[in-house]
Each structure stands twice: as C-alpha cells, then as structure tokens.
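A.B. asks: Structure, please.
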Amino acid sequence: MVTVESNPMGDSSTAQRLYHMIHEVYVYSDASDRQVLTSFDLTISQFRVLTSLRNDTAHRLTTLSERLLLSKSTITRVVDELEQRSWLRRVPDPDDRRAQRVVLTREGAEQLARVSDAHKGYLEQRLELLRSRERQQLNALLEKLSAGLRLTLEANRENGASGEQPGP
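C.D. replies: Have a look, this model is predicted:
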C-alpha cells in the first residue's frame, strides 16, 4: 500500500502518490461494488442509471450520459437492457416530441431498493476502518477535490481544452 507523506511544497511526486492512492481506493471500491452488484445480476453502469432515476425522476438519455460520464452508446445499451427487464421504460419528453425520457417502473424501484440496501451495507462495512472524525475529514476533503475537479472539467469543456488547467 502506498503512503502519502505531508509535503507543503506540493511537488509532482506528492501529486502522483495522491493520484495513485485515489486510484487504488477506486479500484478496491469498484471491485467490492462488482461483487455486490453481481449477486443481483447488475453491472455498475446499470446500477448508476437506476440510481439516477430514483425519486420519480425522468431523464433524457443525453442527460444521463453527461451526468454519469458514459458514452451515449453505453447509456442506450444499458437502458435497453434495463427496459428488457421491465425495470425502466421510455416515455415521451413533454418538452420535445422528438425526444424520450426514461423512468423507473415499480419493479425497477423495488429492485433498486433491494440492491441499494445491500450496497449500503457493504459501504458501511468498508468504512468501518475509519473513525467518525476521520470519515468527516475524508468527506470534506473529497467534496473539495470533487468540486475543484468538476469545475476544471467544465471549464475545459467550455474552452475546448484538452486537459489544461484554467488560468487564475
């Protein structure tokens, strides 16, 4: 396991170590998610789509694609698979007759509740490694990092940049 030492200079080796730690945590979390979801015969993409549709929210496929950072072809395939299971359905978009939205069905909502309960249990089990204060600190740091990365990504999209940091 990689350890990250405090480095006030913020040099590239620290940035690389942090990146590798975040990636390692992602890989372990992803593998655990796959174990849980496989028991429900779901992929991570399917679970993410179902979760995005909870609370009676209808979304266009393009909105799901953008929100979940998945290609339009992947979203279409996932929606097709979930529609075949009767867990969601396409409905006309009230704002645009040419477009469609997807919504959870009753069966989909019930399945999502079962999967979410199991997933929540696994999440709680994984985070038992951290004390309450450590969880709060991690949450605050990840929120800050996520917001900054999202803003950078949005700025790069607007500027048509390919990975450059926006100026001050």
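A.B. asks: Backbone dihedrals for the nearest residue to Trp87 once chain neighbours are set aside, please?
C.D. replies: Computed as Cβ to Cβ, 6 or more residues apart in numbering, the closest residue to Trp87 that is not its neighbour in sequence is Gly108, at 3.2 Å. Placement of C-beta: from N, CA and C, glycine included. When read as degrees, to the nearest 10, the backbone of Gly108 gives phi -70, psi -40.
A.B. asks: who touches Gly108 in this structure?
C.D. replies: 50, 53, 82, 85-88 (Cβ atoms under 8 Å, 6 or more residues apart in numbering).
A.B. asks: secondary structure element for Arg97?
C.D. replies: Element membership of Arg97, judged by DSSP states H and E, is strand 96-104.
A.B. asks: residue ranges for the strands of the chain, please.
C.D. replies: 59-60, 88-93, 96-104 (DSSP state E).
A.B. asks: Single out the most deeply packed of these.
C.D. replies: Of all the strands of the chain, strand 59-60 has the most neighbours on average by mean count of other Cβ atoms under 10 Å, namely a mean of 18.
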